[in-house]
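Asks: A structural model of the following input is requested.
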Amino acid sequence: MTPQEYVQLKAFARQDGVLLALLLIGGFALYISGLTNPILGVMAMIVILSSPFYAASRLRHFRDYGREGIISFSRSYAYTILLFFYAGVLLAIAVYLYFAFLDKGFLLSKMMEILQSPEGKQAIQTYGLGAQMDENIRFISEMRPIDFALNILTINIISGIMLGIPIAAITQRTIAKSDSLNSQR
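Replies: Below you'll find the model as predicted:
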């Protein structure tokens, strides 16, 4: 890969990372809202689970328009990792801002409300998770906004590394589509 190609790869990944970050920030907002409205929680899961498909569509766009229809597995993989990294940085900033300035204990109080409900108490008792749940709640209550943000960033980087393999394998192309159509005639 030449230096110019690397600059091009990073530029497309940054732009598409912003778009993916907007999708993930929307999913995060839906998740927080979903703590009071279950339909929004389901929508949050759909948005978050659709992010690999969105990343693959952005990679196809890069392949078709930035690389003229040809892209190797390694370049596809690098693009996907960078895409999730850039999206993860922006999502981590949004998560930090949310927990630093907006949350004011909302997430923890909703978790406690769920655990204190009759259904929550029954589930904890059935599975014998009382001590573990108390430890988890204590751990979450001690987390700082930066801890939440760094966890989100780490999850996104690992997701990019893991999801990059199948995404790159599916979207790689060694022959441009127009070339393969011409060779078949």
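Asks: doesn't P166 make contact with T80?
Replies: No - the criterion here is CB atoms under 8 Å, and T80 misses it with P166 at 9.5 Å. Quick note: C-beta positions are derived from backbone N, CA and C, even for glycine.
Asks: okay, I140 and L90: tell me how far apart.
Replies: Using CB to CB, to the nearest Å, I140 is found at 23 Å from L90.
Asks: I should have written A176 there, sorry.
Replies: Distance of A176 to L90, given as CB to CB: 32 Å.
Asks: so if I had to pick from those two, which one is more boxed in?
Replies: Under the criterion of other CB atoms under 10 Å, the comparison of A176 against L90 puts L90 first, with 18 against 15.
Asks: quick one: low-confidence ranges for the protein?
Replies: Scanning the chain for pLDDT under 70 picks out the ranges 178-185.
Asks: which one's more surrounded, T80 and P166?
Replies: Just comparing T80 and P166: by other CB under 10 Å the higher neighbour count belongs to T80, 28 against 12.
Asks: name the nearest residue to the more buried one, sequence neighbours excluded.
Replies: G164 (3.7 Å; CB to CB, 6 or more residues apart in numbering).
Asks: next up, the contacts around the one you found.
Replies: Contact analysis of G164 by CB atoms under 8 Å, 6 or more residues apart in numbering lists S76, Y77, T80, I81, F84.
Asks: columns distance to I158 and secondary structure on top of these, output as TSV?
Replies: Putting the contacts of G164 into TSV (distance: CB to CB, whole Å; DSSP: H, G, I helix; E, B strand; the rest coil) gives the following:
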residue	distance to I158	secondary structure
S76	18	helix
Y77	14	helix
T80	13	helix
I81	10	helix
F84	9	helix
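Asks: so which of those is the closest to P38?
Replies: F84 (28.2 Å; CB to CB).
Asks: quick one, what contacts that closest one?
Replies: If a contact means CB under 8 Å, 6+ apart, then F84 has G17, L20, A55, N156, I157, S159, G160, I161, L163, G164 as its contacts.
Asks: now do the buried residues in the longest helix along the chain.
Replies: If you go by DSSP state H, the chain has its longest helix at helix 3-33. Within helix 3-33, the residues that count as buried by 16 or more other CB atoms under 10 Å are 9, 12-13, 16-17, 20-21, 23-25, 27-28, 30-32.
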